[in-house]
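Undergrad: Compute the structure for the input listed below.
(one chain, ligands or ions: 2)
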Amino acid sequence: MAKTDLEVHDDKPLTIAEFEAIAKTKLKQQVWDYYVSGAEDQISIQRNREAFTRLIIRPRVFRDVTKIDTAATLFGKEYAFPVGISPSAYQKLVGGDGELDVARAATGRKTLMILSTNATCSCEDVIDAAGGPDAHFWFQLYVSQNREKSARLIRRVEAAGYKALAVTVDTPVLGNRINERKTQLILPAPLSLPNMEDTDPDRSKKPSLNRELLQATNRQEADRVQEAARERGLLNDPSLTWNETIPWIRKQTSTMKVVVKGVMTAEDALLAVEGGADAIVVSNHGGRQLDGVSSTVEALVEVVDAVKGRVPVLVDGGITRGSDVFKCLALGADFCLVGRPALWGLAYDGRRGVEMVLDILERELSRTMALSGARNLQEIQRGMLGVERRDGFGIAKL
Ligand SMILES: Cc1cc2nc3c(=O)[nH]c(=O)nc-3n(C[C@H](O)[C@H](O)[C@H](O)COP(=O)(O)O)c2cc1C
Ligand SMILES: O=C(O)C(=O)c1ccccc1
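TA: Numbering: from 1, shown residues only. Ligands and ions are numbered 1, 2, ... in the order given. Next up is the predicted model:
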């Protein structure tokens, strides 16, 4: 449409969907494919989004909503609002200074960042960029078959000032991502994974690891490549168990909390709590691991009901609106995380782009709260949600 005197056009993206559309035009095909893809038929990615549209808000009105307080506390640290950034690999491929820009944005907006084991910036540089040990960031951990190597990494991130380890429990092997198999992801030579101790002097001459992992078409080949990946600490040891692994991690650190990321059932949530986890992240890895699992908001309900407030419950997967955050909190989550939305912001304009994405989510959450009659996070109740009734016409309150 042509501009007229009466129209003011502002080209700044106003929604996460607009950031995504712009990121698609800015990123190289192989990078876009890597970040956007899920596993196999991508049913669970779709389900993550659809579940939000099925949840219907039941707003309360005529309450004094002059002041809206979105502050959220985790492990004694107050964050400005309950949306942090999930760990994702190779952020320098997306733009700017990668993890450093994401870190600057997270502290700039007083929220949580979880740094990936497979980061392209060192855990020390990320804390420095965030303004030092007050950052209250967490580190995502893949536990290596070589436990000594993992023990050294844990000591290193503890010394750097991380407050918690988020142990990813949904990745004993890599999910079957078809796009990644078709379009090779290349980590260009100057990029490296500085949190990994690399014992292979020839590694820079070899193709990127996810590609190798996914290309294997027979068991022998697959075993060989998975073994090489695990040896480097890029993937979890597949033998990890509740009984052995959580106590082992706990023994390696005296200051950091232990969080498990990737729980999707009440049964595992109970094992996590009984095994001494300090928090749970309900996650299906952004639909990149097992395809065919439920959406994370569906799983959130059973996890919250099983945990009964004993530890904080976080959730990620498909969150692209402040109203999605509102729905997660109403179901009982203590905090939300976004993976891809932060990356779309990073692709748009480095630190500033990530801050814009966080600002959109904060403004949308705040407005949803005001329009629903919730002045603070405690007032966001499950009864503010409903679903379409199957047995008649109307909304069934949750
Ligand atoms: C490109 C990409 C890389 C990821 N890398 C990791 C990782 O290294 N470790 C991990 O625990 N989760 C990883 N995840 C999963 C995210 O932490 C998170 O669970 C997921 O992205 C949330 O869904 P969303 O992207 O829909 O917000 C990755 C996700 C994406 C999209
Ligand atoms: O791509 C991912 O989702 C992921 O978790 C991962 C696993 C191994 C290497 C790099 C990223």
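Undergrad: Share the number of residues neighbouring H285, please.
TA: A count of nearby residues for H285, using other C-beta atoms under 10 Å, gives 25. Placement of C-beta: from N, CA and C, glycine included.
Undergrad: helices and strands around the longest strand out of those in the chain, which ones?
TA: Looking across the chain with DSSP state E, the single longest strand is strand 257-263. Packing partners of strand 257-263 (3 or more C-beta pairs under 8 Å, 6 or more residues apart in numbering; DSSP states H and E): strand 164-168, helix 242-252, helix 266-274, strand 279-282.
Undergrad: Need the contact partners of that strand.
TA: 75, 87, 114, 138, 140, 163-171, 246, 249-250, 269, 272, 276-285, 289, 299, 303, 314 (C-beta atoms under 8 Å, 6 or more residues apart in numbering).
Undergrad: For it, what does the pLDDT average out to?
TA: For strand 257-263, the mean pLDDT works out to 98.
Undergrad: now stretch 387-394
TA: Mean predicted confidence for stretch 387-394 is 95.
Undergrad: tell me which element whichever residue of the stretch 101-250 of the chain sits closest to ligand 2 falls in.
TA: Using C-beta to the nearest ligand atom, N118 is the residue of the stretch 101-250 of the chain that sits closest to ligand 2, at 4.1 Å. Following DSSP states H and E, there is no helix or strand that holds N118.
Undergrad: my guess is it meets A89, correct?
TA: Yes: between N118 and A89 there is a contact under C-beta atoms under 8 Å: 3.8 Å.
Undergrad: Among those two, which residue is more densely surrounded?
TA: Ranked by neighbour count (other C-beta under 10 Å), N118 and A89 place N118 first, with 22 against 19.
Undergrad: ok now do that one, which residues does it touch?
TA: A89, Y90, Y142, L193, N195, M196, L234 are the contacts of N118 under C-beta under 8 Å, 6+ apart.
Undergrad: Shouldn't C121 be within a helix?
TA: No: if the criterion is DSSP: H, G, I helix; E, B strand; the rest coil, then C121 is coil and not within a helix.
Undergrad: which non-adjacent residue is nearest it?
TA: E99 (4.0 Å; C-beta to C-beta, 6 or more residues apart in numbering).
Undergrad: The one you found: what's it in contact with?
TA: Applying C-beta under 8 Å, 6+ apart, the residues contacting E99 are Q91, K92, L115, S116, A119, T120, C121, V126.
Undergrad: Quick check: the farthest pair among the residues you listed?
TA: K92 and L115 (12.8 Å; C-beta to C-beta).
Undergrad: Contacts only, for the residue of the stretch 51-200 of the chain at minimum distance from ligand 2.
TA: Residue of the stretch 51-200 of the chain nearest ligand 2, by C-beta to the nearest ligand atom: A89 (3.6 Å). The neighbours of A89, taking C-beta under 8 Å, 6+ apart as the test, are S116, N118, A119.
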